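Asks: Just the structure for this:
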Amino acid sequence: MLSAINDMLLDMLAAVARKDYEDRRRRQAQGIAEAKADGKYTGRPVDETLHKKISALLKDGKSIRVIADLLGCSPTTVQKVRKATK
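Replies: Residues are numbered from 1 along each chain as shown. Here you go, the predicted model:
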């Protein structure tokens, strides 16, 4: 009997936690949407100097991983620059 009550309480707490999580995510998304509409939320600025270095190394024929290792950035960043220059 005690095990059933513990399971019920655990299920209830998990449901409350999930609802709270979903509510916070929804409110955050609403706030971001409002800030974008007002022009206050622009995201992280682009590092132009890093992008120029990546472009130069891509033109030299270096691979994505080599460029990422040389410049200390992620391969995803190198891929984004490569995609933007095509």
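Asks: can I see the domain layout of this protein?
Replies: Using automatic domain parsing, the domain parsing of the chain gives 1-43, 48-85.
Asks: Could you work out the end-to-end span of the last one for me?
Replies: Using CA to CA, to the nearest Å, the span of domain 48-85 from its first residue to its last is 13 Å.
Asks: can you pull out the helices in this structure?
Replies: Under the criterion DSSP state H, helices of the chain are mapped to 2-38, 48-59, 64-71, 75-85.
Asks: now these in TSV, with mean neighbour count and mean pLDDT?
Replies: Using the backbone N, CA and C atoms, a C-beta is placed for each residue, glycine as well. Output for the helices of the chain, formatted as TSV (neighbours: other CB atoms under 10 Å; pLDDT from 0 to 100):
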stretch	mean neighbour count	mean pLDDT
helix 2-38	10	96
helix 48-59	14	96
helix 64-71	15	96
helix 75-85	15	95
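Asks: Arg65 and Ser74 touch, don't they?
Replies: No. Arg65 is beyond contact range of Ser74, at 10.2 Å (criterion: CB atoms under 8 Å).
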